[in-house]
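A.B. asks: Sequence and predicted structure are below.
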Amino acid sequence: MAPSSPLRNDARNDRGPRPCPVCQQPFSPQGRQRVCSAACRQAVWRRRHPPLVVPIPEHSTRATTVYECPSCETRLLGVQRCADCGVFCRRVGPGGSCPHCDEPVAIVDLLATEDRR
C-alpha cells in the first residue's frame, strides 16, 4: 500500500476576509479569532449565556399567598376568611407585604404594572 497524504481541511486555512457572524462586516481573522471586535465577542458570549429567569411559583404556602375578599375587596396575606364580612376570600396569588405601605401585594400585580410602562 502506498502512503497516503494526511487528511486536511483546506477550508480552515483560508486567510481571506470573511463576514463576522454577529455584525456581518468583512474581517480577516487573526489566529483563532472568530469575530471582528470585542463588542461582537461580547454579543456572542451573551447569546450563549442568557440571563437566568427566576420562575414565579404556581403554588405557594398559605403564609405567602394574597387573598381578596369578594364583598369588601380587602386584600389579606395568609388569611383565607375576611374578619369584617365573614366570607371566604378568593386567591389572588403568591405575594407578600409591600415594604412601603405594608399592604398585601401579589406578584401578578407587580408584573402587570411593569407591562404598562
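C.D. replies: Structure's in. What do you need?
A.B. asks: rest of the way, CA atoms for contacts and neighbours
C.D. replies: Noted.
A.B. asks: where do the helices sit along this structure?
C.D. replies: Secondary structure of the chain (DSSP state H): helices located at 38-48, 107-116.
A.B. asks: can you tell me the average pLDDT over the shortest one?
C.D. replies: Pointing back at helix 107-116 there. Across helix 107-116, the average pLDDT comes to 69.
A.B. asks: and the helices of the chain, which is most packed in?
C.D. replies: Stretch with highest mean neighbour count among the helices of the chain: helix 38-48 (a mean of 12; mean count of other Cα atoms under 10 Å).
A.B. asks: okay, that helix in PDB with CA atoms only?
C.D. replies: What follows is helix 38-48, C-alpha atoms only, in PDB (Å, rounded to 0.1, in the frame of the first residue of the first chain):
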ATOM      1  CA  ALA A  38     -14.600  43.000  21.300                       C
ATOM      2  CA  ALA A  39     -18.200  44.200  21.100                       C
ATOM      3  CA  CYS A  40     -19.100  41.300  18.800                       C
ATOM      4  CA  ARG A  41     -17.300  38.900  21.100                       C
ATOM      5  CA  GLN A  42     -19.300  40.100  24.000                       C
ATOM      6  CA  ALA A  43     -22.500  39.800  21.900                       C
ATOM      7  CA  VAL A  44     -21.700  36.100  21.200                       C
ATOM      8  CA  TRP A  45     -21.000  35.400  24.800                       C
ATOM      9  CA  ARG A  46     -24.300  37.000  25.900                       C
ATOM     10  CA  ARG A  47     -26.200  34.900  23.300                       C
ATOM     11  CA  ARG A  48     -24.600  31.700  24.700                       C
END
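A.B. asks: Fine by me, thanks again.
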